[in-house]
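K.L.:
What follows is a predicted protein model with its sequence.
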Protein chains: 2
Amino acid sequence: MEKFLNISKEKQDQIIEAGLKAFGQNGYKKASISDIAASAGISKAMIFYYFNSKKELYLYLADLCCGIVINKVKEHFDSSVNDFFDRLKMTSEIKMEALKKYHGSFSFLESMYKEKDEEVQDGLKNLMSGIQETAESLAFYEVDLSKFKDGVDSQLALKFLLLAAQGFIHELPSDYEFEVIDKFIEDYYAWLDIMKNNFYKEEYL
Amino acid sequence: MEKFLNISKEKQDQIIEAGLKAFGQNGYKKASISDIAASAGISKAMIFYYFNSKKELYLYLADLCCGIVINKVKEHFDSSVNDFFDRLKMTSEIKMEALKKYHGSFSFLESMYKEKDEEVQDGLKNLMSGIQETAESLAFYEVDLSKFKDGVDSQLALKFLLLAAQGFIHELPSDYEFEVIDKFIEDYYAWLDIMKNNFYKEEYL
DNA sequence: TTTCTATTGACCGATTCGGTTTATTATGCT
DNA sequence: AGCATAATAAACCGAATCGGTCAATAGAAA
């Protein structure tokens, strides 16, 4: 595997993107090394030269994607931000920055959560345990909800905002341009501002 | 194929659900008849006894799912409802009713839109042409947007509400219970009411 | 009993799978 | 230059799986 780390970053990225895409779309079992190699523009033998098996490649990618998210969280998350909308902006920014590293990262991560194949279960369990503490639910405790008007259910607001973000991620084609993410962030912030202006008590505007 | 229509509705549904799930998760090429048969609890040979080929089964399911949605639209859509939120309730009700017929219908429909395999392209093209007129974008013309307060972008509101609905559909596990849909509809309506109460000019409340 | 239908498990050739081996090309090092 | 070593691809491996067929069985109807 040190073989892989010694080649150029561009070629590494081609292989990583190809792997994330194939595994993300088809799951572990139905993704094939031949597909990945062809999609990365190299021969199948090279995949086994860099990584020794399908399993090793998969777990490397899993580790990589989790690492990206975890690092972004450690880098940007600030628990002292306790305004509802500011906190949301922060977490969505973290998410989107991770999304911008590799096209396939999110569809891979999501298929990873559903992955049931026994061959990789052991390796995944290890990863999961270390990532639970960055779960979304934990990211929203200690947020100040008293700024909301009576009659506005902040939990419902949160729920639908998170669903919308998830909907956006799923709507992305596998070959999206990075700018569509920036465009979405823009819309997202505009939408958050509208909600804030109409859902907060006047003294907090 | 008339063989298939003569067996009991329950057995039909088992096969349909198995097919929708397999094709929806894996796409046409990577879904296997063996999987579908096993998941439906019958032998592989029976699939070829009812349908003569993989392609015929796939196109039958595609036709079935499109038919369900189209019928629900014809049945429930009322273009005279031109309040923004009432229209949204109506279209989401149509969607969810279709979702409740078969667990796998929506993931199948979505994978159907992305399907690129040449073997079924011809059959899909025919279906698509008849379904375009029920597209979501068309469902929102002639809606009265003047009730919104200044500063509230109704198009942005629509966009995020549709994204949230899509996010919900994707969050569903493949073996969801039908009641979670009712629970979501409940939340959805509560959320629409909150938005209406805060986004409409006072004279329209 | 005969006849027809529903159903299966075993089977078919073809393809594809994960993985290996071999041969060839670059790439240093001296 | 020559020589070793690493990078790469193509051809290959046995095993599994693919879509699809078929012969044999069981069951109901006659």
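P.N.:
Noted; the coordinates are in hand.
K.L.:
Would you confirm that residue A:50 contacts residue A:15?
P.N.:
Yes - look at residue A:50 against residue A:15 with C-beta atoms under 8 Å: they come within range, at 7.3 Å. Placement of C-beta: from N, CA and C, glycine included.
K.L.:
which phi and psi does residue A:51 have?
P.N.:
Here the main-chain torsion angles of residue A:51 (degrees, to the nearest 10) amount to phi -110, psi 150.
K.L.:
re the thing from before, anything in contact with each of residue A:50 and residue A:15?
P.N.:
Overlap between the neighbourhoods of residue A:50 and residue A:15 consists of residue A:4, taking contacts as C-beta atoms under 8 Å, 6 or more residues apart in numbering or on different chains.
K.L.:
Residue A:19: how many residues sit nearby?
P.N.:
When neighbours are counted by other C-beta atoms under 10 Å in any protein chain shown, residue A:19 registers 28.
K.L.:
which residues touch the closest residue to residue A:3 other than its chain neighbours?
P.N.:
Once its chain neighbours are removed from consideration, residue A:3 has its nearest residue in residue A:50; the separation is 5.2 Å (C-beta to C-beta, 6 or more residues apart in numbering or on different chains). Shown in contact with residue A:50 (C-beta under 8 Å, 6+ apart): A:1, A:3, A:4, A:7, A:15, A:57.
K.L.:
and of these, the nearest to chain B?
P.N.:
residue A:57 (18.5 Å; C-beta to the nearest C-beta).
K.L.:
do you know how far that closest one is from DNA strand C?
P.N.:
Residue A:57 sits 8 Å away from DNA strand C, taking C-beta to the nearest atom of the strand, to the nearest Å as the criterion.
K.L.:
so that residue is in which element?
P.N.:
In this structure, residue A:57 sits in helix A:54-76 according to DSSP states H and E.
K.L.:
after that helix, next one along is what?
P.N.:
helix A:84-101.
K.L.:
Need the max-distance pair from the contacts of residue A:50.
P.N.:
Across the contacts of residue A:50, no pair lies farther apart than A:7 and A:57, at 14.4 Å, counting by C-beta to C-beta.
K.L.:
okay, these two: which has more neighbours?
P.N.:
Remark: of residue A:7 and residue A:57, residue A:57 carries more neighbours, 24 against 14, as counted by other C-beta under 10 Å.
K.L.:
Which pLDDT does the model give that one?
P.N.:
Looking at residue A:57, its pLDDT is 98.
K.L.:
what's near enough to touch residue A:30?
P.N.:
By C-beta under 8 Å, 6+ apart, residue A:30 lies in contact with B:26, B:30.
K.L.:
can you check residue A:112 too?
P.N.:
Going by C-beta under 8 Å, 6+ apart, residue A:112 touches A:23, A:62, A:65, A:124.
K.L.:
Now do the same contact list for the second one.
P.N.:
Applying C-beta under 8 Å, 6+ apart to residue A:62 gives the contacts A:108, A:112, A:120, A:123, A:124, A:127.
K.L.:
Please apply the same query to the third one.
P.N.:
With contacts taken as C-beta under 8 Å, 6+ apart, residue A:65 has the following neighbours: A:20, A:102, A:105, A:108, A:109, A:112.
K.L.:
now do 7 Å
P.N.:
Residue A:65 is in contact with A:105, A:108, A:109, counting by C-beta atoms under 7 Å, 6 or more residues apart in numbering or on different chains.
K.L.:
re earlier: and the contacts of residue A:50 as JSON lines, adding secondary structure?
P.N.:
Listed next are the contacts of residue A:50 as JSON lines, based on DSSP: H, G, I helix; E, B strand; the rest coil:
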{"residue": "A:1", "secondary structure": "coil"}
{"residue": "A:3", "secondary structure": "helix"}
{"residue": "A:4", "secondary structure": "helix"}
{"residue": "A:7", "secondary structure": "coil"}
{"residue": "A:15", "secondary structure": "helix"}
{"residue": "A:57", "secondary structure": "helix"}
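K.L.:
Which ones, among the residues you listed, also lie beside DNA strand D?
P.N.:
Residues of these in contact with DNA strand D (C-beta under 7 Å from any atom of the strand): A:3, A:7.
K.L.:
give me the element the residue nearest in space to the middle of chain A is part of.
P.N.:
In chain A, the C-alpha closest to the average C-alpha coordinate belongs to residue A:106, at a distance of 4.2 Å (C-alpha atoms, centre = their mean). Assignment of secondary structure by DSSP H and E places residue A:106 within helix A:105-114.
K.L.:
what about residue A:104, how many neighbours?
P.N.:
Neighbour number of residue A:104 under other C-beta under 10 Å is 23.
K.L.:
Identify the residue spatially nearest to it, adjacent ones excluded.
P.N.:
Nearest residue to residue A:104, sequence neighbours excluded (C-beta to C-beta, 6+ apart): residue A:20, at 2.9 Å.
K.L.:
Could you pull up the contacting residues of that neighbour?
P.N.:
Applying C-beta under 7 Å, 6+ apart to residue A:20 gives the contacts A:61, A:102, A:104, A:105, A:108.
K.L.:
hmm, try it at 8 Å
P.N.:
Counted by C-beta under 8 Å, 6+ apart, residue A:20 has contacts A:61, A:65, A:102, A:103, A:104, A:105, A:107, A:108.
K.L.:
what do you get for residue A:158?
P.N.:
Going by C-beta under 8 Å, 6+ apart, the list of residues near residue A:158 reads A:84, A:88, A:140.
K.L.:
Which residues of chain A lie near DNA strand C?
P.N.:
Within chain A, the positions near DNA strand C by C-beta under 7 Å from any atom of the strand are A:31, A:32, A:33, A:34, A:35, A:44, A:45, A:48, A:52, A:53, A:54, A:55.
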